[in-house]
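Enquirer: starting from these lines, generate the structure:
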Amino acid sequence: MDLLDAIKNHKDYTIENGNEIVKKGEIVAFYFEKHSLYKNYLTPKGIDYKKILSAKILPDSALLVGDTIFIIEKKYQEGKGSVDEKLQTCDFKMKQYSKLFSPLNIKVEFYFILSKWFNKPKYNDVFKYIESVGCKYFIEYLPLKELNL
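Expert: Numbers count the residues shown, from 1 in each chain. The predicted structure is shown next:
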């Protein structure tokens with residue numbers, strides 16, 4: 001289940017206008033995926049990523065709650081492959097997103113949601129690295145409380 005489905009299925013929240021997360025009649029967050037982060041949020045706020053970054057970066061999911069944007073990357077794997085190395089890119093991505101959102105005074109949090117495949121001792125060093133650079137990871141499920149919801 002992805003993040004938007006988890007929010008839709010929660011009794012306290014509804015989704016309105018495609019990306020507004022509503023609780024008790026008030027918008028508490030905005031949800032974006034890939035290019036919609038730019039089209040529906042950054043560009044209308046006057047942010048031209050080309051003036052800030054050398055290349056566009058696309059989140060699997062992004063949730064704006066107050067003055068914090070939660071960038072969520074989903075990594076699902078059933079066998080050894082290139083995703084292993086992608087886990088080590090969170091520091092770079094967090095710095096890029098921080099540059100992108102800095103003009104709006106929005107703090108960036110970077111999270112991985114990983115499949116059970118990664119729940120192995122051989123990833124312990126990678127998990128320690130992820131946490132050491134200020135990112136977080138979750139196996140299979142991201143608790144909504146982690147997103148200030």
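
Enquirer: and the residue lying closest to Leu64 once chain neighbours are set aside, bridged to which residues?
Expert: Nearest residue to Leu64 in three dimensions, chain neighbours excluded: Phe30, at 4.5 Å (Cβ to Cβ, 6 or more residues apart in numbering). In this view, the C-beta of every residue, glycine as well, is placed from N, C-alpha and C. Beta-bridge partners of Phe30, counted by DSSP bridges, are Glu20, Leu64.

Enquirer: sec struct for Asp125, please.
Expert: Counting by DSSP: H, G, I helix; E, B strand; the rest coil, the backbone at Asp125 sits in helix.

Enquirer: now do stretch 114-122: distance from first to last residue.
Expert: 14 Å (Cα to Cα, to the nearest Å).

Enquirer: where does it sit relative to the chain's centre, distance-wise?
Expert: 19 Å (Cα atoms, centre = their mean, to the nearest Å).

Enquirer: same question for stretch 114-129.
Expert: 18 Å.

Enquirer: pLDDT on it, on average?
Expert: Stretch 114-129 shows a mean pLDDT of 92.

Enquirer: tell me which residues of that stretch are tucked away?
Expert: Buried positions in stretch 114-129, judged by neighbour count with 16 or more other Cβ atoms under 10 Å: Leu114, Trp117, Phe118, Tyr123, Val126, Phe127.

Enquirer: ok, back up a step: relative to Ile21, how far out is the residue nearest to Leu64?
Expert: Going from Phe30 to Ile21 by Cβ to Cβ, to the nearest Å gives 7 Å.

Enquirer: what segments of this structure are helices?
Expert: 3-8, 36-37, 83-86, 90-101, 124-132 (DSSP state H).

Enquirer: format those helices as TSV; extra columns: distance to Ile15.
Expert: Listed next are these as TSV, based on distance: least, Cβ to Cβ, whole Å:
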stretch	distance to Ile15
helix 3-8	6
helix 36-37	14
helix 83-86	29
helix 90-101	23
helix 124-132	29
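
Enquirer: ok, which of the ones you listed comes nearest Gly46?
Expert: helix 90-101 (12.5 Å; Cβ to Cβ).

Enquirer: picking up where we left off before, shared neighbours, Phe30 and Ile21?
Expert: Counting by Cβ atoms under 8 Å, 6 or more residues apart in numbering, the common neighbours of Phe30 and Ile21 are Leu63.
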